[in-house]
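[1] What shape does this take:
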Amino acid sequence: MKILHVITSLRTGGAEKLMVDLLPRLKDRGYEVDLLLFDGTETPFRRAAEEAGVKVMDLGKGGSVYSPLKFMKLLPYLRKYDVVHTHNTAPQLFAAVGSLLCSVVLYTTEHTTSNRRRGWKWYAAIDRWMYGCYSKVVCISQKAEDNLRSFIGKSKAEILTINNGVDVEKYASASASLDLEDIAPCCRKLIMVAGFRWEKDQDTIIKALLLLPDDFHLFLVGDGVRRLECEELARQQGVAGRVHFMGLRTDIAELLHAADYVLMSSHFEGLSLSSVEGMCVGKPFLASDVDGLREVVGGAGVLFPHGDAEALAAEIGRLADNPEEYAAVADRCRRRADQFDISAMVNSYSKIYQSLDE
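    Numbers count the residues shown, from 1 in each chain. Predicted structure coming up:
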């Protein structure tokens, strides 16, 4: 079976990480799986996918992913594969339009519990039509599925949930990086791994840092359009010397092991792979109490009210003052991560492709 996954880019993020983790494992199971990028800019994730044996193609480098030229370049690919599986808005929409011009089986993965499009009332009919062009819509958490069903109502598409997964053993067994200690010796270290995008909320952690003792330092791993805003916020808050912007990294597991506290502050999530990764490493995990995080973290890690810097600082201080609670939270997080091991996710994706032959 020939399967083409289509995504906007392999810059950074949960959907992009899914491609790097999932596609090589599907190839190992005998599927012919290729990956097509709307923006083929060279990135660590692209190199990782290619090194794992995935054929990565692109429609060009840079430019708007909504360019009509991208649509024209996409059309020939739709005719070459048994299944075209899309991720992110532009590939989802352009593949749906392309299905009007050629016969193609479309699958897509819904990576968040919400998105900006759902606030555009004028766009709702287009969105509902688009999802109806797909044979299967995979949601990465039950909350993502519930929200999508509520939004689109009845649909011709089969909608199902496949929880995202990570290589738990890889993250649990990694050695701690020395980089964080080199940057902030003998300090207590907070870390968040996420793109600087509008759904993320690094701002709250930066504000919380002002309320913590000076030996707490924050490491923000990732890049994106809001990075400059967050750098300016750190300066405004007077904590610029304690906030370290690490950029894109490939040694995420090692960086997580080097931290004392792992955080995910967001406005909403689908099912955050970074959160599952963060819970693998034997450190307390703290997250915003929002859709897509409470389902993963609740009952294991610590949830703090959305956007509440004072509450976050108080929770970090509580763990710092109570070693037994620190250890108990870390242990619960590690055990919770086992529920999201990548093997279950790969089995489920394999089944939806097998169903095409039944």
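
[2] Give me the buried stretch members for stretch 42-52, please.
    For stretch 42-52, the neighbour count (16 or more other C-beta atoms under 10 Å) marks 43-46, 48-49 as buried. (Each C-beta comes from the backbone N, C-alpha and C, glycine too.)

[3] Need those in TSV (columns: distance to residue 175, pLDDT and secondary structure).
    Compiled in TSV, the buried residues of stretch 42-52 are given as follows (distance: C-beta to C-beta, whole Å; pLDDT from 0 to 100; DSSP: H, G, I helix; E, B strand; the rest coil):
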residue	distance to residue 175	pLDDT	secondary structure
43	24	93	coil
44	19	90	helix
45	22	93	helix
46	26	96	helix
48	19	93	helix
49	24	96	helix
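
[4] Out of these, flag the one nearest to residue 276.
    Comparing the buried residues of stretch 42-52 against residue 276 with C-beta to C-beta places residue 45 closest, at 17.2 Å.

[5] is it true that that closest one touches residue 16?
    Yes: counting by C-beta atoms under 8 Å, residue 45 touches residue 16, with 5.2 Å between them.

[6] who touches both of these two?
    By C-beta atoms under 8 Å, 6 or more residues apart in numbering, residue 45 and residue 16 have these common neighbours: residue 10.

[7] quick one: residue 223 and residue 246, what's the gap?
    Residue 223 sits 9 Å away from residue 246, going by C-beta to C-beta, to the nearest Å.

[8] What number of residues are in the vicinity of residue 170?
    By the criterion of other C-beta atoms under 10 Å, residue 170 has 13 neighbours.

[9] wait, doesn't it sit right on residue 251?
    No: the criterion here is C-beta under 8 Å, and residue 170 misses it with residue 251 at 11.7 Å.

[10] what's residue 25 in contact with, if anything?
    342, 346.

[11] and if we set it to 6 Å?
    Residues in contact with residue 25 (C-beta atoms under 6 Å, 6 or more residues apart in numbering) are residue 346.

[12] host element of it?
    In this structure, residue 25 sits in helix 14-28 according to DSSP states H and E.

[13] for the record, mean pLDDT for that helix?
    Helix 14-28 shows a mean pLDDT of 93.

[14] how far does stretch 207-222 sit from the chain's center?
    Mean-position distance between stretch 207-222 and its chain equals 23 Å (C-alpha atoms, centre = their mean, to the nearest Å).

[15] Please point out which parts of it sit buried.
    207-209, 212, 216-222.

[16] For those residues, give me TSV that also has pLDDT and secondary structure.
    Shown next, in TSV, are the buried residues of stretch 207-222 (pLDDT from 0 to 100; DSSP: H, G, I helix; E, B strand; the rest coil):
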residue	pLDDT	secondary structure
207	98	helix
208	98	helix
209	98	helix
212	98	coil
216	98	strand
217	98	strand
218	98	strand
219	98	strand
220	98	strand
221	96	strand
222	93	strand
